[in-house]
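Asks: show me the folded form of this:
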Amino acid sequence: MISALDLLVRLRPLHVCVGKTGHISQVGAGLAKLGAGDLRNKRFLETFEILRPAQPTDMADLRKLAGQVLKLRLRCEPDIVLRGLVIEDHAEGVILDLSFGIAIVEAVQRFGLTAQDFAASDLAVELLFLQEAKSSAMAASFSLNSRLQGARLAAETEALTDGLTGLHNRRALDGALSRLGQSDTEYAVLHMDLDRFKQVNDSMGHAIGDAILKRVAAIMRAQTRQDDLLVRAGGDEFVIVCPGLTEHTRLGDLSQTLIRDVSIPVMIDGQEVAVGASIGIAASESEERIDPCVLVQRADVALYAAKRSGRGRHMFWSAPMGQSLTDLEIPDSPAQG
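Replies: The predicted structure follows:
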């Protein structure tokens with residue numbers, strides 16, 4: 001027949017036996033993992049601190065607590081509070097059947113406890129399983145949501161981005177202009193078209209043409225502000241929207257810089273390539289709210305006025321130019337900026 005102590009070892013992995021001298025005579029396998037080393041032959045009250053309901057000073061006091069549930073902790077692990085039922089062993093000693101209570105999750109994580117460190121019938125094992133399942137489900141849900149959110153943002157970004165240059169596309173431009181049209185923000189629209197690009201693209205090939213468009217995009221990024229919206233509107237046409245900037249001097253300086261940098265000849269695949277740029281500019285006016293579509297159309301008119309005036313220059317829209325290309329009139333001495 002199995003002995004009582006062996007039965008304790010098998011059935012209650014979190015028990016401790018204290019002899020009549022106050023020394024620990026036996027501990028369960030689960031309790032032995034709690035980082036205090038071999039507890040046998042150590043004085044129980046020097047190893048454990050009783051928190052409630054009383055703080056015994058000797059074995060006589062401890063035996064008086066038989067039948068009660070104590071709150072106690074290992075002095076070397078003060079953060080882990082245990083619960084223990086005190087049982088008389090009828091040999092002037094006591095047995096404490098321990099559990100972790102609400103500290104079970106922390107204890108399992110800190111000490112690497114497994115199901116074998118708890119009684120087979122202990123509901124704590126099932127609670128641990130549920131906790132683990134919940135944590136796994138939450139982690140999986142968070143991971144899935146993150147992936148879906150990332151995919152959605154990537155799709156939205158792709159839908160608003162020009163695949164060749166990485167600039168915004170016409171759809172992004174329409175959205176930005178719609179928002180500006182509903183606000184009180186003053187802004188300017190610069191419409192830039194490359195000069196001689198079609199001849200270069202046709203004679204040197206589309207690879208050279210693509211390299212030129214990427215170079216122009218890089219120049220635009222280098223010369224504009226972080227808040228400016230940079231758009232490839234299609235082909236060799238580009239648009240820059242400048243929120244909060246309507247001053248003609250600054251817009252003229254920006255345009256001259258862009259035209260200068262774009263017009264510098266560059267070597268591509270061993271061939272010297274040279275294109276130019278023309279820019280039309282239209283700025284909103286504080287006195288009246290201008291429809292964004294009208295402002296874009298004015299910039300378009302100013303662009304073609306610049307091209308018809310000799311290219312390689314910028315022009316601001318003015319009322320004599322009209323509101324559309326069919327109304328376009330070129331002044332005898334076109335102003336530049």
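
Asks: quick one: name whatever helix or strand follows the helix or strand of the chain with the lowest mean pLDDT.
Replies: None of the helices or strands of the chain scores lower by mean pLDDT, DSSP states H and E than helix 123-159, at a mean of 60. Using DSSP states H and E, the helix or strand that follows helix 123-159 in sequence is helix 170-181.

Asks: off-centre distance for that following helix?
Replies: Chain-centre distance of helix 170-181: 26 Å, with CA atoms, centre = their mean, to the nearest Å.

Asks: and that helix, what's buried?
Replies: Using 16 or more other CB atoms under 10 Å as the burial criterion, the residues of helix 170-181 that qualify are Ala172, Leu173, Ala176, Leu177, Leu180, Gly181. C-beta coordinates here come from the backbone N, C-alpha and C atoms, glycine included.

Asks: and Tyr304, that one's in a strand?
Replies: No - secondary structure assignment (DSSP: H, G, I helix; E, B strand; the rest coil) places Tyr304 in helix, not in a strand.

Asks: report the contact partners of Ile2.
Replies: Residues in contact with Ile2 (CB atoms under 8 Å, 6 or more residues apart in numbering) are Arg10.

Asks: gap between Cys276 and Asp261?
Replies: No, residue 276 isn't Cys; it's Gly. Gly276 is 11 Å from Asp261, where distance means CB to CB, to the nearest Å.

Asks: ignore the last one, Gln116
Replies: For Gln116, the distance to Asp261 equals 73 Å [CB to CB].

Asks: who's more crowded, the two?
Replies: Asp261 (16 against 10; other CB atoms under 10 Å).

Asks: contact partners for that one?
Replies: With CB under 8 Å, 6+ apart, Asp261 has these contacts: Ile219, Ala222, Gln223.

Asks: buried subset of the residues you listed, written for PyMOL?
Replies: Restricted to buried positions by 16+ other CB under 10 Å, the PyMOL selection for these reads:
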select buried, resi 219+223
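
Asks: nearest to Leu5 among the contacts of Asp261?
Replies: Ala222 (81.5 Å; CB to CB).

Asks: just the pLDDT for the closest one.
Replies: You'll see Ala222 listed with a pLDDT of 95.

Asks: you'd agree it is in a strand?
Replies: No - checked against three-state DSSP, Ala222 lies outside a strand; its state is helix.

Asks: returning to what we had before: now, which of the contacts of Asp261 sits nearest Gly28?
Replies: Gly28 lies nearest to Ala222 out of the contacts of Asp261, by CB to CB, at 71.0 Å.

Asks: excluding its backbone neighbours, what's nearest the closest one?
Replies: Asp261 (7.9 Å; CB to CB, 6 or more residues apart in numbering).

Asks: go on, Leu62?
Replies: Pro56 (4.4 Å).

Asks: what segments of the stretch 151-300 of the chain are helices?
Replies: In the stretch 151-300 of the chain, the helices defined using DSSP state H, counting those that start in this stretch lie at 170-181, 197-204, 206-223, 248-263, 292-308.

Asks: pull out the buried residues from stretch 2-19.
Replies: Using 16+ other CB under 10 Å as the test for burial, stretch 2-19 gives Leu8, Arg12, Pro13, Leu14, His15, Val16, Cys17, Val18, Gly19.

Asks: kindly apply the preceding question to stretch 94-102 instead.
Replies: Here stretch 94-102 shows Val94, Ile95, Leu96, Asp97, Leu98, Ser99, Phe100 as buried, counting by 16+ other CB under 10 Å.

Asks: can you list the low-confidence ranges for this structure?
Replies: For the chain, the stretches with pLDDT under 70 are 35-36, 120-158, 286-288, 326-337.

Asks: mind splitting it into its structural domains?
Replies: Domain assignment for the chain by automatic domain parsing gives 4-121, 124-159, 170-327.

Asks: the residue nearest to Leu62: what's it in contact with?
Replies: Neighbouring residues of Pro56 by CB under 8 Å, 6+ apart: Leu45, Ile50, Leu62, Lys64, Leu65.

Asks: relative to Pro320, which of those residues is nearest.
Replies: Using CB to CB, Ile50 comes nearest to Pro320 of the contacts of Pro56, at 97.0 Å.

Asks: contact partners for the residue nearest to that closest one when sequence neighbours are not counted?
Replies: Ranked by CB to CB, 6+ apart and with sequence neighbours excluded, the top spatial neighbour of Ile50 is Leu72, at 4.9 Å. By CB under 8 Å, 6+ apart, Leu72 lies in contact with Phe48, Glu49, Ile50, Leu51, Val81, Leu82, Arg83, Gly84.

Asks: Ile219 too?
Replies: The neighbours of Ile219, taking CB under 8 Å, 6+ apart as the test, are Leu258, Asp261, Val262.

Asks: what distance do you get for it to Ala277?
Replies: 9 Å.

Asks: need the overlap of contacts for those two.
Replies: Shared contacts of Ile219 and Ala277 (CB under 8 Å, 6+ apart): Leu258, Val262.

Asks: what packs against the helix or strand that contains Ile50?
Replies: Take DSSP H and E as the rule and Ile50 turns out to sit in strand 48-52. Packing contacts for strand 48-52, counted by 3 or more CB pairs under 8 Å, 6 or more residues apart in numbering; DSSP states H and E, involve strand 69-74.
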